[in-house]
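# A predicted structure for the sequence below; I have some questions about it.
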Amino acid sequence: MYKIAVMGDMDSVLGFKALGLEVCPVSTPEEGHEALHRMAKENYAIIYMTEQLAAKLSSDIARYKDALTPAIILIPGKEGSLGIGMANVKTAVERAVGADIL
Amino acid sequence: MPSTTINPTRMELTRLKGRLKTAQRGHKLLKDKRDELMKQFMDVVRENRALRKRVEEGLMRAHGSFTVAAALMSPEMLEQSLLYPKQSVELEMTFQNVMSVDVPQYRFHTSSQDPGEVYPYGFAQTSGELDDAVDAMSKVFQDMLRLAEVEKSSQLLAEEIEKTRRRVNALEYVKIPQMQESIKYITMKLDENERANTIRLMKVKDMILKEAIEERREETARAAQAWSDSGEAPEGV
């Protein structure tokens, strides 16, 4: 059985707790770095992460990009979307096609 | 002239021709694979974009309600309300093979089916906005899972396409022309050797003939000399 986690600042992730997801409130990038690698080792299939946190952990996230698990999915935090998630979609297209065609 | 030194032998030629055939076949197959992957990838990416937009909008709405709820309630109260969730989610993951790329597929089931069960708190001491926030989140959750599936697939497919594209290009623009060049070089060299051999034989034949004629001539000359020395005119001269 796989697990789903949500990472981000306290206010952004608290609501997910009601849905039954595992919540990992993180306030500093170092904490996030540690938590991310710990969760990647355990059987977490999906880790939702706020863009605000992801912006500081981009190198850690890149490590799991080509791995099957975990899937790290960026979601907007309570401050709003930074557009990183959409930019990632664009990057994937560029990587595959060689140019942004969408 | 090929960059690497190759032996212009018939064996090498046969070997190279075999390799060229394999390379061309591999190139064709990889090209097909790339095209098919690309087709799949485009579908996935389109869905990815649409889903992401929807999820981001849904989550922003949920965050909005949540912020209002947080403003109305004390932080302790808020945390306490959400501390023990009624709902729990179990995730199952299977893999689907898309052109030799394993992409994940998620299936989840919640411990209770009743959508009214998501509120882990009593309604008496919480604000209505919290209900809205939780409701919005549970609605967007279905899309979030699908987003995870689609986004991971698109990342994995992108990686595979990149790899395949590199291979196709390497074969098409480097490997195959190189081998064709080598084959051409060997064929030319072998033909050249063939011609050289013929010419040598012709030369040798000429030399032998010349020698033979010379010998005959000398013999005739000697015979003529003998006849004239004996004082008789040779017959038929």
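Here it is on my side, so go on.
# per-residue pLDDT, B:Leu13?
Looking at B:Leu13, its pLDDT stands at 92.
# what's near enough to touch the closest residue in space to B:Arg165 that isn't next to it in sequence?
Closest residue to B:Arg165 apart from its sequence neighbours, by CB to CB, 6 or more residues apart in numbering or on different chains: B:Arg34 at 5.8 Å. No exception for glycine: its C-beta is placed from N, CA and C like everyone else's. Counting by CB atoms under 8 Å, 6 or more residues apart in numbering or on different chains, B:Arg34 touches B:161, B:164-165, B:168.
# Tell me how far whichever strand or helix holds B:Val150 lies from the chain's centre.
Assessed by DSSP states H and E, B:Val150 sits inside helix B:128-170. On the basis of CA atoms, centre = their mean, to the nearest Å, helix B:128-170 sits 24 Å off its chain's mean C-alpha point.
# Which strands and helices lie in contact with the strand or helix carrying B:Ile186?
Take DSSP H and E as the rule and B:Ile186 turns out to sit in helix B:176-230. Other elements packing on helix B:176-230 under the criterion 3 or more CB pairs under 8 Å, 6 or more residues apart in numbering or on different chains; DSSP states H and E are helix B:10-72.
# average model confidence for the helix holding B:Ile186?
Helix B:176-230 comes out at a mean pLDDT of 94.
# Give me the angle between it and helix B:128-170.
0 degrees (axes from the mean of the first three to the mean of the last three CA atoms, to 10 degrees).
# Output the set of residues of chain A in proximity to chain B.
A:1-4, A:11-12, A:14-21, A:45-46, A:48, A:65-66, A:68-69, A:71, A:73, A:75-78, A:80-81, A:85-86, A:88-89, A:92-93, A:95-98, A:102 (CB under 8 Å from any CB of the partner chain).
# which residues does the residue nearest to the spatial centre of chain A contact?
In chain A, the residue lying closest to the centroid (CA atoms, centre = their mean) is A:Met49, at 3.2 Å. By CB under 8 Å, 6+ apart, A:Met49 lies in contact with A:6-8, A:36, A:57, A:61, A:72-75.
# Just name the closest of those to B:Leu190, please.
A:Ile61 (57.6 Å; CB to CB).
# For the closest residue in space to the closest one that isn't next to it in sequence, grab phi and psi.
Distances taken as CB to CB, 6+ apart place A:Ile72 nearest to A:Ile61, at 5.2 Å, with adjacent residues excluded. The phi/psi pair for A:Ile72 (degrees, to the nearest 10) reads phi -100, psi 110.
# Please give me every residue in contact with residue 27.
Unless you meant another one, I'm taking chain A. A:9-10.
# that's the wrong chain, I meant chain B
B:168, B:171-172, B:176.
# do stretch B:36-50 and chain A meet at all?
Yes. Against chain A, stretch B:36-50 shows contacts by CB under 8 Å from any CB at B:38, B:41, B:45-46, B:48-49.
# Now find how far off-centre that stretch is within its chain.
With CA atoms, centre = their mean, you get 18 Å for stretch B:36-50.
# same check, this time on stretch B:198-206
With CA atoms, centre = their mean, you get 53 Å for stretch B:198-206.
# what's around B:Phe41, how many residues?
26 (other CB atoms under 10 Å in any protein chain shown).
# ranges for the helices of chain A?
Listed in chain order, the helices of chain A (DSSP state H) span A:10-17, A:29-41, A:51-54, A:58-63, A:84-97.
# circling back to that earlier point, so how do I select the buried members of the residues of chain A next to chain B in PyMOL?
Here is the PyMOL command that selects the buried residues among these (16 or more other CB atoms under 10 Å in any protein chain shown):
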select buried, chain A and resi 2+3+4+11+12+14+15+16+17+18+19+20+21+45+46+48+65+69+71+73+75+76+77+78+81+85+86+88+89+92+93+95+96+97
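# residue closest to the middle of chain B?
B:Thr164 (1.6 Å).
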